[in-house]
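>>> here are the coordinates; sequence isn't available:
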């Protein structure tokens, strides 16, 4: 797991939508599941959302514990 990506998950904010302004790591799992079914956006944001989906799906939130601000 890329440490820079983990840091982005706890600092980057969602730029649009219902959860605009929320830090990606704090997005509800249901929102990430919806994106998974609809398709993640292209680029870095989509990659981060997909990674966060996998982290939550597999119960790996502990990977972010020491990074949260």
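Everything's here; your move. A quick note: this is a predicted structure, and the numbers were derived from the prediction, not measured.
>>> pull the longest helix from the protein.
helix 43-57 (DSSP state H).
>>> can you pull the buried residues of that helix?
45, 48, 49, 50, 51, 52, 53, 55, 56 (16 or more other C-beta atoms under 10 Å). For the C-beta atoms, the positions are set from N, CA and C on the backbone; glycine is no exception.
>>> look up the closest residue to residue 27, ignoring the ones flanking it.
Nearest residue to residue 27, sequence neighbours excluded (C-beta to C-beta, 6 or more residues apart in numbering): residue 19, at 5.6 Å.
>>> helices along the protein, start to end?
3-11, 29-38, 43-57.
>>> I'd like these written out as JSON lines, with distance to residue 64 and mean pLDDT added.
Below are the helices of the chain laid out as JSON lines (distance: least, C-beta to C-beta, whole Å; pLDDT from 0 to 100):
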{"stretch": "helix 3-11", "distance to residue 64": "6", "mean pLDDT": "92"}
{"stretch": "helix 29-38", "distance to residue 64": "14", "mean pLDDT": "96"}
{"stretch": "helix 43-57", "distance to residue 64": "7", "mean pLDDT": "96"}
